[in-house]
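> I need the structure of the sequence given here:
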Amino acid sequence: MIEPDRVVTIAHVSDMHLGAHSDAAVRDLVGDVAAARPTVTVVTGDSTMRALPEQFRRVRAVLDGLPRPLLVVIGNHDVPLRNPVQRLLRPYTGYRTWITDELDPVLDLTGVRVQGLGSCPRWRWKSGRVTRRQADLLVASLAGAPPGALRVVALHHPVSQRAPGGLIGRARLLAGLTRAGVDLVLAGHTHLPTAGRAHSFLEVVAGTATSTRTRGAGRSWTLIRAAPEEITVEHRRHDDAGWHDGPRARFPRSRRLAQP
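Got it, this is the predicted structure:
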């Protein structure tokens, strides 16, 4: 049983796109995330721009500075685009060498369990896919979380994005999220920070933390605080003055989460 007054703080960083980035945003990101003293840091993909070795090396340096524990999932830009042989035969070599060998990583902490899903098959580069095996994995992983624990799924592609351009396997993923009693889904990909209820869970999509590809929304990372009665989502913003407070929204916690 989890303490009823425990607050879980999640630092959600996404779409750094190192190789097409702002040096100032990269320089100050680690300090701003660390100042939040997160329970866990989650990075939801597109850490590189083109999955090149020098970009992975830069990503590794940033990840090494972010607060632990840390969970990272792969994004479509972390799979080679311009080398068809590597993409076909060794699509995850760079990612596994520099980031993590786990494509579906999991973190089990006091008060929170996070299941990551690698939604980037080599043959569906942009829009992503979740397999039946992965849907079953998240059910097995999260349905058995301790009572009161925050159940989180992290992947690169938003679940709310429908076809065309949406996830293949979206229906089975939604079914798995419901069966597992997932509370929070973290995603990226769009570079547009949002938060809202989707089906039975809260979906939080982080913006681009450090890239120059802001799509008019600026750079941001997302700070999430899950308290007993509500979840607060704040999109931390970056400009010429550095990182600062951004838009904030509050969402009631589900009845299951609010129970001691």
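> Tell me where the chain has strands.
Using DSSP state E, the strands of the chain run over residues 8-13, 40-44, 70-73, 106-109, 112-116, 150-154, 184-187, 194-198, 201-205, 219-226, 230-239, 242-244, 248-252.
> Between strand 230-239 and the first one, find me the angle.
For strand 8-13 and strand 230-239, the angle between their directions (axes from the mean of the first three to the mean of the last three C-alpha atoms, to 10 degrees) works out to 30 degrees.
> before we move on, what about the fifth one?
Here strand 112-116 runs at 60 degrees with respect to strand 230-239, directions being taken by the same axes, to 10 degrees.
> Just name whatever secondary elements strand 112-116 is in contact with.
Secondary-structure packing of strand 112-116 (3 or more C-beta pairs under 8 Å, 6 or more residues apart in numbering; DSSP states H and E): strand 40-44, strand 70-73, strand 106-109, helix 132-142, strand 150-154. No exception for glycine: its C-beta is placed from N, CA and C like everyone else's.
> how about that strand: buried residues?
Using 16 or more other C-beta atoms under 10 Å as the test for burial, strand 112-116 gives 112, 113, 114, 115, 116.
> tell me which of those is nearest to residue 104?
Using C-beta to C-beta, the shortest approach to residue 104 within those belongs to residue 116, at 5.9 Å.
> My read is that that closest one contacts residue 75, right?
No: using C-beta atoms under 8 Å, residue 116 is not in contact with residue 75; the gap is 11.7 Å.
> I'd assumed residue 238 was in contact with residue 246.
No: counting by C-beta under 8 Å, residue 238 is not a contact partner of residue 246; they are 9.1 Å apart.
> Dump the buried residues of strand 112-116 to TSV, plus distance to residue 253 and pLDDT.
Shown next, in TSV, are the buried residues of strand 112-116 (distance: C-beta to C-beta, whole Å; pLDDT from 0 to 100):
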residue	distance to residue 253	pLDDT
112	13	97
113	16	98
114	17	98
115	19	98
116	22	98
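> And the closest residue to residue 174 other than its chain neighbours, its phi and psi?
Nearest residue to residue 174, sequence neighbours excluded (C-beta to C-beta, 6 or more residues apart in numbering): residue 199, at 6.1 Å. Main-chain torsions, residue 199, degrees, to the nearest 10: phi 60, psi -120.
> Please determine how far residue 199 is located from residue 231.
As judged by C-beta to C-beta, to the nearest Å, residue 199 and residue 231 stand 16 Å apart.
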